[in-house]
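Asker: 3D model of this:
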Amino acid sequence: MTEPFIQTENLTLQYGQKTAFANVNLSVNAGEILALVGPSGCGKTSFLSCLNRLTDMIPHCRVKGAIRIGSVEVLNAKTNAFALGASCTQLIALRRQVGMIFQKPNPFPLSIWKNMELPLREHGIRKREEIDTIIETSLQDVGLWDEVKDRLHTSALALSGGQQQRLCIARALGLQPEALLLDEPCSALDPISSGIVEDLITSLRQRYTLIIVTHNLAQAKRIADRVALFWVQDGVGQLIESGKVEQIFDAPQHPLTAAYVTGARG
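Answerer: The predicted structure follows:
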């Protein structure tokens, strides 16, 4: 059997006294697209935030259980959330390995070029020739190079919403991650831009491992290899069922899954 690239065991997240989700056991193979679906407030985005330790930035947030990404034990004591002095390097390396794309495009208020260059320099890439190559290749990978190559030094904020989102994806790809986490990356876009970004996501399959949160079941069915349904039970987010996309939509095992994918619930 293929060893999962991302795996969680009994993963639980608490914000103060509030448990966002509990005891999530989930795995993703390398090169797969996993779609996280379910109603709002069931812990999908919080689950994503655990995977590259963005939860460290939230006061009174506690993560329990285990997360493995490749050979890295993400919750290892060496990268303890409250002992960043010695572990800062590990956290930076983790967030380079596991990129995050947010619901709303968030380009820096800088030129297109600077948006791409800044994280490369922050991660120690200094040679101009190498930076030039990475920027062009990454923008080509997201289908943006031909659209912006003549205005690289103009503001990224002048781009359309769909272009901004593709720029954010290119910015993450420039750091050569192994996985991408995408939190409803199309929800703030018009249908045409959404379709372009969706096609981009599917084109990244096999080259990267992707986990995408989406409320669009049709989108999940189109692009995902596997689907995981989250739900709130007794006030706590729970993983209800996960499996191949065909199984979840055509032969769900749990009544809640069946109700959700047919539109009877949620």
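Asker: now do the SS call for Ala228.
Answerer: strand (DSSP: H, G, I helix; E, B strand; the rest coil).
Asker: grab the nearest non-local neighbour of it.
Answerer: Excluding the flanking residues, the one nearest Ala228 by CB to CB, 6 or more residues apart in numbering is Ser242, at 3.8 Å. For the C-beta atoms, the positions are set from N, CA and C on the backbone; glycine is no exception.
Asker: go ahead and confirm the one you found touches Asp225.
Answerer: No: Ser242 lies out of contact with Asp225 (CB atoms under 8 Å); the separation is 11.3 Å.
Asker: of the two, who's got more company?
Answerer: Ranked by neighbour count (other CB atoms under 10 Å), Ser242 and Asp225 place Ser242 first, with 21 against 16.
Asker: show me what contacts that one?
Answerer: By CB atoms under 8 Å, 6 or more residues apart in numbering, the residues touching Ser242 are 26, 34, 226-229, 248.
Asker: now do the helix or strand where it lies: distance to the chain's middle.
Answerer: Secondary-structure assignment from DSSP states H and E places Ser242 in strand 236-244. With CA atoms, centre = their mean, to the nearest Å as the basis, strand 236-244 stands 17 Å off its chain's centre.
Asker: restricting to C-alpha, output that strand in CSV.
Answerer: The C-alpha trace of strand 236-244 is given here as CSV (Å, rounded to 0.1, in the frame of the first residue of the first chain):
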residue,chain,number,x,y,z
VAL,A,236,-17.9,19.7,18.0
GLY,A,237,-16.6,19.2,14.5
GLN,A,238,-16.2,15.6,13.5
LEU,A,239,-15.0,13.7,10.4
ILE,A,240,-18.0,11.8,9.3
GLU,A,241,-16.7,9.9,6.3
SER,A,242,-13.9,9.9,3.8
GLY,A,243,-13.3,8.0,0.6
LYS,A,244,-12.9,8.1,-3.1
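Asker: list residues touching both of Ser242 and Asp225?
Answerer: Common contact partners of Ser242 and Asp225 (CB under 8 Å, 6+ apart): Leu34.
Asker: which stretches in the protein count as strands?
Answerer: 6-15, 18-28, 33-37, 61-69, 72-73, 98-101, 179-183, 209-213, 226-233, 236-244 (DSSP state E).
Asker: pLDDT of the fourth one, averaged?
Answerer: Averaging the model's pLDDT scores along strand 61-69 yields 95.
Asker: what's the answer for stretch 139-156, then?
Answerer: 97.
Asker: first vs last residue of it, how far apart are they?
Answerer: Distance across stretch 139-156, first residue to last, is 13 Å (CA to CA, to the nearest Å).
Asker: repeat for stretch 215-226
Answerer: Across stretch 215-226, the terminal residues are separated by 15 Å (CA to CA).
Asker: just the buried positions in it, please.
Answerer: For stretch 215-226, the neighbour count (16 or more other CB atoms under 10 Å) marks 216-217, 219-221, 223-226 as buried.
Asker: need the residues that contact stretch 181-201.
Answerer: Identification of contacts with stretch 181-201 by CB under 8 Å, 6+ apart yields 33, 45, 48, 51-52, 98-105, 142-143, 160-163, 165-166, 169, 210-216, 219, 222-223.
Asker: so how do I select the buried members of those residues in ChimeraX?
Answerer: Remark: buried members of these, expressed as a ChimeraX selection using 16+ other CB under 10 Å:
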select :33,45,48,51,52,98,99,100,101,102,105,142,143,161,162,163,165,166,169,210,211,212,213,214,216,219,223
